[in-house]
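Engineer: The following comprises the amino acid sequence and a computationally predicted model.
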Amino acid sequence: MKIQSVAIVGGGTAGWLAANHLAKALFNQNITITLIESPDIPTIGVGEGTVPTIRKTLQSFGISETEFITRCDVTFKQSIKFQNWLDSHRHGRDNFYHHLFDPPSSMGDDLSSLWLQNPSDAYSQLVSSQFDVCEANLAPKLITTPEYQAVQGYAYHLNAAKFALLLAENAKQKFAVNHVKANVIDTRLHLDGSIASLVLDKCGEQEFDFYIDCSGFDSILLAKALKVPFVGKSQELFVNKAVVVQVPTDPDAIIPPYTKATAHQAGWIWDIALSNRRGVGLVYSSAHLDDEQAEQKLNRYLSGQLDQYSYRTIPMKVGYRKQFWAKNCVALGLAQGFLEPIEATSIMLTDFAAGYLASRFPSDSRQCESLSERFNQTMSYAWERVVEFAKMHYCLSDRNDSDFWIDNRDPQTIPAGLSNKLALWQEYVPLSEDLFSKFEVFNVENYLYVLYGMKFLTYKKTMSESSLVLAKQHAARIRRHSEQLCQHLPAHRELLSKIHQYGLQKI
């Protein structure tokens, strides 16, 4: 049967990302796309961090970067700054490292071997000029830098609710996506188990040929209607709750061009600065910290001001669906799964999966079986790599101040794939060849920043005199480049103000 109609159930960032990806790819193919959004269910609204790939996505949708920045309270994100993830007695009370968005050692050969000669230094500062740019709270580009172009690699912090509205407007105006506000009250199936129709409270029964489940944690299509089981990952990743709050900021306050991720005794705290407020969330393991203690910790972080703001606790079911594509239904976003907000993996995986689906969308229902098998293999691989990368942040920590950190180093909680990588990297500096799939979510540079930021020590091999001289020359070039950038790049808030006033140049 030819596929001529697609229903996307659920709005928010996931639903409208899917709508733009699919509608753009299927434009002029006589396929109608309808997004059904409940008027009664608010979006989670805390996914406010992105990774650099989102720039390519937004540009492909034809969204102006200037409009995006001015409408969605956007700030630039050049890094994640991990604070206090190591033992304070050994590394100092304010130990930190940067997971930067510019690749390490971009001006020559890898400098990891040079850093291993003296690992007391900051790895990210040695290998990238972006460290000093971030610490100076500078922007990643100039007002004369065209839209989506960069001096330094960057992503964004954004207001998730406003972002969903912008994506919705773009999908409807540019790609003719239909928008229906109604609740799905029932799902009816064909005899073969595929979805036949949806029953809506305002529109009655509606038939479509293909369905995208973006209904959040409830997963009303893939989980509830098609009974696809859940693969729990709480034995590897302990964090399963978050207390979240929005804190207004002074109009002249410095805006850090990075996400702050500050570890505590049973998890960590994200702190994301938008142009007019901060989004703050304390994530924790309920097995190691109760709700009252979590609120007390967040209150201390906010200098005793938590009660001045409206806050809420969000439970997080850690894991993903055993299948992401079943019959004529694909799940995206939280309906697909959730691990934890470290490294901004939620929007990243949604964007990746939606783009991949759009590039391999079936024109006929007979193609679903072969395409779904490939899609499920790819997405399972991607999710498992995210589990490994997230776990690495915890199991490399040498903190001993609570059972949470000690339990995270238990070998039984470390995925086999990660254990194998760490065993290899004890002897050899990581190479891109160690990550052999084109569907790796994180590349070797991501591993390098976290591994050596956490003071993981590869066996130190003696460098030849000539190699040492060349490496030091390369490091000196990076330092000179850093000084030049710090002289010429504007302050973060200064650039944002100019963008709001003048806009960026079109490409």
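Structural biologist: Ah, there it is. Numbers count the residues shown, from 1 in each chain.
Engineer: Could you give the backbone dihedrals for residue 49?
Structural biologist: phi -110, psi 140 (degrees, to the nearest 10).
Engineer: oh, I was asking about residue 319
Structural biologist: phi 150, psi -160.
Engineer: pretty sure it contacts residue 235?
Structural biologist: No: with contacts counted by CB atoms under 8 Å, residue 319 stays clear of residue 235, the gap being 9.8 Å. No exception for glycine: its C-beta is placed from N, CA and C like everyone else's.
Engineer: ok, for the residue nearest in space to the middle of the chain, nearest residue in space, not its chain neighbours?
Structural biologist: Of all residues in the chain, the one closest to the mean position by CA atoms, centre = their mean is residue 344, 2.2 Å from it. Spatial nearest neighbour of residue 344, excluding adjacent residues (CB to CB, 6 or more residues apart in numbering): residue 49 at 3.8 Å.
Engineer: In contact with that neighbour, which residues?
Structural biologist: Going by CB atoms under 8 Å, 6 or more residues apart in numbering, residue 49 touches 77, 155, 157, 259, 270, 272, 341, 344, 347.
Engineer: Can you give me the distance of the fourth one to residue 77?
Structural biologist: Counting by CB to CB, to the nearest Å, the separation of residue 259 from residue 77 is 6 Å.
Engineer: if I look at those two, which residues touch both of them?
Structural biologist: Common neighbours of residue 259 and residue 77 (CB under 8 Å, 6+ apart) are 49, 157.
Engineer: Neighbours of residue 52, how many?
Structural biologist: Neighbourhood size, residue 52 [other CB atoms under 10 Å]: 17.
Engineer: Repeat that for residue 290.
Structural biologist: When neighbours are counted by other CB under 10 Å, residue 290 comes out with 13.
Engineer: And the helices in the stretch 51-200 of the chain?
Structural biologist: Counting by DSSP state H, counting those that start in this stretch, the stretch 51-200 of the chain has these helices, from start to end: 53-60, 65-71, 88-91, 112-117, 123-127, 130-135, 160-175.
Engineer: what would those helices look like in CSV with mean pLDDT, mean neighbour count and distance to residue 150?
Structural biologist: Below are the helices of the stretch 51-200 of the chain laid out as CSV (pLDDT from 0 to 100; neighbours: other CB atoms under 10 Å; distance: least, CB to CB, whole Å):
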stretch, mean pLDDT, mean neighbour count, distance to residue 150
helix 53-60, 97, 17, 8
helix 65-71, 98, 19, 11
helix 88-91, 94, 13, 32
helix 112-117, 94, 19, 24
helix 123-127, 97, 24, 18
helix 130-135, 98, 24, 11
helix 160-175, 97, 19, 20
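Engineer: want to throw these into a markdown table with distance to residue 30?
Structural biologist: Shown next, in a markdown table, are those (distance: least, CB to CB, whole Å):
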| stretch | distance to residue 30 |
| --- | --- |
| helix 53-60 | 22 |
| helix 65-71 | 30 |
| helix 88-91 | 61 |
| helix 112-117 | 53 |
| helix 123-127 | 51 |
| helix 130-135 | 47 |
| helix 160-175 | 14 |
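Engineer: Looking at those, spot the one closest to residue 383.
Structural biologist: helix 53-60 (16.7 Å; CB to CB).
Engineer: which stretches of the chain have low pLDDT?
Structural biologist: Scanning the chain for pLDDT under 70 picks out 42-47.
Engineer: surely residue 478 meets residue 131?
Structural biologist: No: look at residue 478 against residue 131 with CB under 8 Å: they stay out of range, at 9.3 Å.
Engineer: shared neighbours, the two?
Structural biologist: In contact with both residue 478 and residue 131: no residue, using CB under 8 Å, 6+ apart.
Engineer: For residue 231, list the residues it contacts.
Structural biologist: 319, 320, 321, 322, 337 are the contacts of residue 231 under CB under 8 Å, 6+ apart.
Engineer: which SS class is it?
Structural biologist: strand (DSSP: H, G, I helix; E, B strand; the rest coil).
Engineer: now it: how far from residue 440?
Structural biologist: Taken as CB to CB, the span from residue 231 to residue 440 is 20 Å.
Engineer: got it, and residue 101?
Structural biologist: 16 Å.
Engineer: List the residues that contact the closest residue in space to residue 321 that isn't next to it in sequence.
Structural biologist: The shortest distance from residue 321 to any non-neighbouring residue, by CB to CB, 6+ apart, is to residue 228 (5.0 Å). Taking CB under 8 Å, 6+ apart as the contact definition, residue 228 lies against 222, 321, 322, 323, 326, 331.
Engineer: And residue 317, by the same measure?
Structural biologist: 217, 230, 232, 240, 338.
Engineer: what do you get for residue 459?
Structural biologist: Counted by CB under 8 Å, 6+ apart, residue 459 has contacts 426, 427, 428.
Engineer: Can you tell me which of these end up in helices?
Structural biologist: Assigned to helices by DSSP state H, none of the contacts of residue 459 qualify.
Engineer: Who are the packing partners of the lengthiest helix in the chain?
Structural biologist: Using DSSP H, we find that the single longest helix of the chain is helix 368-395. Contact here means 3 or more CB pairs under 8 Å, 6 or more residues apart in numbering; DSSP states H and E; on that basis helix 368-395 packs against strand 325-326, helix 345-359, helix 403-408, helix 416-425, helix 444-453.
Engineer: Looking at these, which is nearest to residue 164?
Structural biologist: The closest of those to residue 164 is helix 345-359. By CB to CB, the value is 11.1 Å.
Engineer: Report the buried residues of the closest one.
Structural biologist: 345-358 (16 or more other CB atoms under 10 Å).
Engineer: Would you convert those residues into TSV that also reports distance to residue 420?
Structural biologist: TSV is the format used below for the buried residues of helix 345-359 (distance: CB to CB, whole Å):
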residue	distance to residue 420
345	21
346	26
347	29
348	24
349	23
350	28
351	28
352	24
353	26
354	31
355	29
356	26
357	30
358	33
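Engineer: Please identify which of these is nearest to residue 494.
Structural biologist: Nearest member of these to residue 494, counting by CB to CB, is residue 347, at 26.9 Å.
Engineer: what sits against the closest residue in space to residue 442 that isn't next to it in sequence?
Structural biologist: Distance criterion CB to CB, 6+ apart; nearest residue to residue 442, sequence neighbours excluded, is residue 389 at 4.9 Å. Residues near residue 389 by CB under 8 Å, 6+ apart: 343, 441, 442, 446, 447, 450.
Engineer: how about these, which pair is most distant?
Structural biologist: 441 and 450 (13.3 Å).
Engineer: on that earlier part again, narrow the contacts of residue 317 to those that are buried.
Structural biologist: Using 16+ other CB under 10 Å, the buried ones in these are 240, 338.
Engineer: Return the member of the contacts of residue 317 nearest to residue 124.
Structural biologist: Closest to residue 124, out of all of the contacts of residue 317 and judged by CB to CB, is residue 338, at 28.2 Å.
Engineer: distance of the closest residue to that closest one other than its chain neighbours from residue 349?
Structural biologist: Among residues not flanking residue 338 along the chain, residue 316 sits closest, at 5.9 Å (CB to CB, 6+ apart). As defined by CB to CB, residue 316 lies at a distance of 15 Å from residue 349.
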